[in-house]
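Participant: can you look at this prediction? I've put the sequence above it.
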Amino acid sequence: MARVPNSPNVKDPVWFGPLVAFQLLYGLATAIFTVLVWSNRLPPFTGTLRLAAAVVGAIVTIMSAFATAWTWRRRHRGRLISFLLDYLLAIVAAFVALQAVNFFNGLDALGETFSRGAPFLVLIGAGALLNRTARRFPVYEQGLRQAARVTMLVGGLIVLLRVGTPAGLLTFLTRMIQPQALIPLLVAALAATAAVVLWRDGANQVFGSSRDQIEVMNGFFFVSPNLIGFLAFFAGPLVFSLFVTFTDWDGINQASWVGLDNYAHILSLQARSLPEGAATSSALDPGFVSLFQVGSTVFGARDPLFWTGLRNVLIFGLVAVPLATIPALLIAALLNNKLPFIKVFRAIYFLPSIAGVVGVALIWKQLFSATIGFVNYSILRFFDVLNLIPGVELTAPQPEWLASPRTALLAVIVVFAWSVMGFNTVLFLAGMQGIPGSLYEAADLDGAGPWARFRRITVPMLAPTTTFVVTTTTILALQLFNEPFILNVPNPANGPSNSTLTPVIHLFRNAFEEFELGYSSAVAWILFLLIFLITLLYFRRRSDEAVTA
Amino acid sequence: MRKPIVVLALFALAVTSCGGTGGDTTTGSTNAGSTTTGAEATTTTAATETTAGEAEASIRWRTRPDNTEEADVYQEISDSLDEELANITLAYEPGASQGADYQASLLTELSSGTAPDVFWIPGTDVANFVDLGVILDLRSLADATGHSDEDFYPGPMSHLTTDPATGQPGDVLWGLPRDVSAFALYLNNDLIAEAGADDPREMAAAGSWNWDTFNEVVSAVAALGPDIEGFASDAWWGPYGYWMNAAGGGFFNADRTACGLDTDESVAGLSFARDLFQSGNTVAWGGPAEDTYRAGNVAMFMNGRWATPGARTVDFDWDVVKLPDGPGGPSNWLFWGAYVVNAETEHPEEAWALVQALTTSETQAQISGLGANIPSRVSQEALDAFLTFSPPANNQAFLDGLAENPATEGPLWAGSWPDYATGMDAAVGGVITGDRTIEDFQANICSELVGAFD
């Protein structure tokens, strides 16, 4: 293949030949790896892993082929793709090397021995403190700083000795020279060297890279730690979970492809006319279970728990979102005044948001106890006061909050709204403090009262904040899990007559009690689509309102 | 200059995690080797590395303690067995005390190949774990070491020896029961005396403790005031299962291959439970039963032996009595969980040795000392040891429960127990809380649950 240099006057640097050779070898190695994986000759890669490894291997092979060709032709895109591949290879190979020496398992174990050295961290802290206060004693400053450095150094050395660093270092080096660690380490070093060579300024002229192209490459390089984390720990599992929805998989054994069966099972509904005196189950096809009945028509589903959970969570959202939003707005309006100790009040209202949901739920569980709970006690005392009025004789209701299907969801709503309200208040407060004071001054001149100012200025100006608050609270509501899960302990999380069952509880139980990860992933994706749709509708509406305004 | 030193120190600290006593050679696979840190060997994964010239096998094991005290006792047991068992280094990992969290962690670790060598699972999960192929058949190891199934309660052993192909006991062994438990009624003697009701313990001794006399005590105590209840129980399958079993019914047909909830006997038991909970004399179904009992507001609280540590903290006169005899005679549950061996362990012999050591009379007596559970060995020595741990004074009530026709908790070899239990919980709860008629329940429940047997 003829090479067409971009800059004929630039001579090939000494690294150019080895770099192209490395890229060529890289491509060949990946191609061989892909073939071996695909032909089932690499035992660790079986089933889904084999498929994924083959696809990744093929993509890298193709990219590598283009990268080699374009690098040889000194094109910037060759430099860019080669840099990307080398950079990723260096990271992957380094991880493999560290795994080979049991580095990651050891990190867990380090937690146990670290406590032996931890007390000596005090020496480092003392040294730092001494260093910081040294300037207050100008005469002795130099000596104090020297002493501080020695203290910190000694402290650090003792910590390292106490946690077993010398033995650790020795074992690390001993294991690192084993082939299973040394080979990936060498590959990582080579790939890292290639990546550095491609990234350095010296490569700019060779590849004729423009300033914009260099900036793009640098930009991607600097965001790469975050980007790689996002791809590895969020996007990757997300795509994998989508794949899993099309399989019957127990999380341990080989997954089997079932196409859309999981979705069909979840979403299957049926309506049948019920003959006089017949049992509801007899009217439905086998596999369908009665959901509810309207007149003589029975509605059934293959997965009634999903639909029950969906119904619950929609009712929950309809009540909980306004309950967590409107009071938050009013409280924020109150807290937006310059009053004594207002910061203390702001902190108090924010406290529920930072309290652990498990602790909060356990406390509310006690409060909701029908026999010994404070909520029913308060109702009782309130009615006692009412009954003091002559002629009034009322019986205080004593709801079985968490035990009755009629009130269990309401109890969860109260706990949820109470927990979320503080955070929403802070968001509204921040929004209010961003409203220009001149608007209120103009309203004052026009003779507007507090209510008019709130309704005509504060509420409209808070529209973006309100959209954000409502959207995030809705998403939280639809993903409801922790509150009913804890409130119902030790009884099933579904609550009385499934009244606090939610889709997330349903998918959790399917995944971890019934080992149906494919099915539970499908539930998760349906819930995701529902949340996405609702969020989209919110934003569309907000956007339409903005256009109208 | 300062930064390089800090970076160097952090690097040194990081490589410490790969540390060891030096000179050891790793032969384990990358995801299954174990690691030693610093001067002290610490096992971190299921399989082990071998040290040149030694045959020390590192075994990780896990159980689900109900509280930190129980976790401490298991740690002590692990330390003592570590010294007793030759060539085995033990590492105990307390699992989460909440069932769902324990299960989720275990499944994740089994999936990623990092689960412990030996772990505890609830009796209802054995079939699922066998189907998943994640636990080892220990029969050949057991035969080689003189183990006898008869040393343990037959109910759990029938499930632990079930061949999944036939659903009947066969030549397999999936584990050994850690302990067993049964229900009893935890009594508030002060409330019963204040109400002037007959003492249930005396009625039990006289053979007149049945559903009628039980109801009399409930009504008498509930009459003491609106915040005092005669009875309480949690709202899962154990408590309502007792009412069905004691009426002569049950969850399944005789060979556990089909639903048995629609039989007249099961429905009679459920009807009694519905009437009891709708009488207004009890903590509501699904209400905070244990909290209300411990607050001193409930006369009788149905729960297992595991509730004893909590009962020991109350400030009223308490004891236990066996469950009342139903129309079908005396009944109870035999709850259990089992130690099983990870199918991927690299040391099956050592893992089996640990399972045996964890289920000796001595080890089980140590656990029973906490009052949490009953030894799973049918040996007079173990039972005598159990009876010495008081309060409660009437420990015999639990043993009576185990002796009087208990239904054994167990998996559903012919279907999915979680599916069955989830559907059953909601339907039964609906009846007890009045959301569903008993007639509708009887007509439809078995059709609704047929999917659990697919």
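Facilitator: Great, that's in hand.
Participant: what's around residue 129, how many residues?
Facilitator: Looking at chain A here, since you left the chain open. A count of nearby residues for A:L129, using other C-beta atoms under 10 Å in any protein chain shown, gives 12. Bear in mind the C-beta positions are built from the backbone N, C-alpha and C, glycine included.
Participant: hm, I was asking about chain B
Facilitator: Using other C-beta under 10 Å, B:F129 is surrounded by 23 other residues.
Participant: that one is in contact with B:I135, isn't it?
Facilitator: Yes - with contact defined as C-beta atoms under 8 Å, B:F129 and B:I135 form a contacting pair (4.9 Å).
Participant: shared neighbours of these two, anything?
Facilitator: Residues touching both B:F129 and B:I135 (C-beta atoms under 8 Å, 6 or more residues apart in numbering or on different chains) are B:I121, B:W174, B:V340.
Participant: now the buried members of those residues.
Facilitator: Buried by 16 or more other C-beta atoms under 10 Å in any protein chain shown: B:I121, B:W174, B:V340, out of the shared contacts of B:F129 and B:I135.
Participant: could you export those as TSV, including pLDDT and secondary structure?
Facilitator: Formatted as TSV, these follow (pLDDT from 0 to 100; DSSP: H, G, I helix; E, B strand; the rest coil):
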residue	pLDDT	secondary structure
B:I121	94	strand
B:W174	97	coil
B:V340	97	strand
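Participant: adding distance to B:A427, write those residues out as JSON lines.
Facilitator: Shown next, in JSON lines, are those (distance: C-beta to C-beta, whole Å):
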{"residue": "B:I121", "distance to B:A427": "26"}
{"residue": "B:W174", "distance to B:A427": "30"}
{"residue": "B:V340", "distance to B:A427": "31"}
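Participant: nearest to chain A among the residues you listed?
Facilitator: Of all these, chain A sits closest to B:I121, with 12.0 Å by C-beta to the nearest C-beta.
Participant: who is the closest one paired with across the strands?
Facilitator: Going by DSSP bridges, B:I121 is paired in beta bridges with B:A338.
Participant: what sits against it?
Facilitator: With contact taken as C-beta under 8 Å, 6+ apart, B:I121 is in contact with B:L106, B:F129, B:I135, B:G175, B:G337, B:A338, B:V340.
Participant: does the last one touch B:F119 like I think?
Facilitator: Yes - using C-beta under 8 Å, B:V340 makes contact with B:F119 at a distance of 6.5 Å.
Participant: residues in the stretch 151-300 of chain B within reach of chain A, list them.
Facilitator: Counting by C-beta under 8 Å from any C-beta of the partner chain, the stretch 151-300 of chain B comes close to chain A at B:226-227, B:229, B:234-236, B:283-288, B:290-292, B:295, B:297-298.
Participant: which regions of the chain lie under the pLDDT threshold?
Facilitator: This is for chain A. Scanning chain A for pLDDT under 70 picks out A:1-10, A:105-109, A:112, A:546-549.
Participant: you answered for a different chain; I wanted chain B.
Facilitator: Low-confidence regions of chain B, defined by pLDDT under 70, span residues B:1-3, B:17-55, B:97-100, B:369-372.
Participant: how many neighbours does A:P496 have?
Facilitator: Using other C-beta under 10 Å, A:P496 is surrounded by 30 other residues.
Participant: give me the distance between it and chain B.
Facilitator: Going from A:P496 to chain B by C-beta to the nearest C-beta, to the nearest Å gives 5 Å.
Participant: ok, now which ones touch that residue?
Facilitator: Here A:P496 is in contact with A:L402, A:A403, A:S404, A:P405, A:A408, B:A235, B:W285, B:G286, B:G429, B:T433, B:D435 (criterion: C-beta under 8 Å, 6+ apart).
Participant: buried members of the residues you listed into ChimeraX, please.
Facilitator: Here is the ChimeraX command that selects the buried residues among those (16+ other C-beta under 10 Å):
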select /A:402,403,404,405,408 /B:235,285,286,429,433,435
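Participant: from the contacts of A:P496, which is closest to B:P309?
Facilitator: B:A235 (21.4 Å; C-beta to C-beta).
Participant: find the closest residue to chain A in the stretch 351-454 of chain B.
Facilitator: Counting by C-beta to the nearest C-beta, the stretch 351-454 of chain B gets nearest chain A through B:S447, at 3.6 Å.
Participant: what's the local residue count around that residue?
Facilitator: Number of residues near B:S447 (other C-beta under 10 Å) recorded here: 19.
Participant: ok, it touching A:A278?
Facilitator: No - with contact defined as C-beta under 8 Å, B:S447 does not count as touching A:A278 (11.7 Å).
Participant: most centrally placed residue in chain A?
Facilitator: In chain A, the residue lying closest to the centroid (C-alpha atoms, centre = their mean) is A:F234, at 7.4 Å.
Participant: and what about that residue, helix, strand or coil?
Facilitator: Following DSSP: H, G, I helix; E, B strand; the rest coil, A:F234 is assigned to helix.
Participant: quick check: it vs chain B, distance?
Facilitator: Using C-beta to the nearest C-beta, one gets 18 Å for the distance from A:F234 to chain B.
Participant: about what we covered before: need the contacts of A:P496 in JSON lines (columns: distance to B:H347 and secondary structure).
Facilitator: Converted to JSON lines, the contacts of A:P496 look like this (distance: C-beta to C-beta, whole Å; DSSP: H, G, I helix; E, B strand; the rest coil):
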{"residue": "A:L402", "distance to B:H347": "47", "secondary structure": "coil"}
{"residue": "A:A403", "distance to B:H347": "48", "secondary structure": "coil"}
{"residue": "A:S404", "distance to B:H347": "52", "secondary structure": "coil"}
{"residue": "A:P405", "distance to B:H347": "51", "secondary structure": "coil"}
{"residue": "A:A408", "distance to B:H347": "48", "secondary structure": "helix"}
{"residue": "B:A235", "distance to B:H347": "42", "secondary structure": "coil"}
{"residue": "B:W285", "distance to B:H347": "47", "secondary structure": "coil"}
{"residue": "B:G286", "distance to B:H347": "45", "secondary structure": "coil"}
{"residue": "B:G429", "distance to B:H347": "45", "secondary structure": "helix"}
{"residue": "B:T433", "distance to B:H347": "51", "secondary structure": "coil"}
{"residue": "B:D435", "distance to B:H347": "52", "secondary structure": "coil"}
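Participant: for the contacts of A:P496, which one is nearest B:M302?
Facilitator: Closest approach to B:M302 among the contacts of A:P496 (C-beta to C-beta): B:A235, at 11.2 Å.
Participant: phi, psi of the closest one?
Facilitator: When read as degrees, to the nearest 10, the backbone of B:A235 gives phi -110, psi 50.
Participant: next, count neighbours for A:T30.
Facilitator: Applying other C-beta under 10 Å, I find that A:T30 has 22 neighbouring residues.
Participant: repeat for A:L529
Facilitator: Using other C-beta under 10 Å, A:L529 has 10 neighbouring residues.
Participant: and for the one 10 residues further on?
Facilitator: The number of residues packed near A:F539 is 12, by other C-beta under 10 Å.
Participant: same question for A:R75.
Facilitator: 20.
Participant: would you confirm that it contacts A:V206?
Facilitator: No - using C-beta under 8 Å, A:R75 is not in contact with A:V206; the gap is 10.6 Å.
Participant: out of the contacts of A:P496, who's nearest A:L284?
Facilitator: Among those, B:D435 lies closest to A:L284 (C-beta to C-beta), at 19.9 Å.
Participant: and that closest one, how far from A:P492?
Facilitator: B:D435 sits 15 Å away from A:P492, taking C-beta to C-beta, to the nearest Å as the criterion.
Participant: can you give me the strands for the stretch 101-250 of chain B?
Facilitator: B:118-122, B:162-163, B:168-169, B:176-181, B:183-188, B:229-233 (DSSP state E, counting those that start in this stretch).
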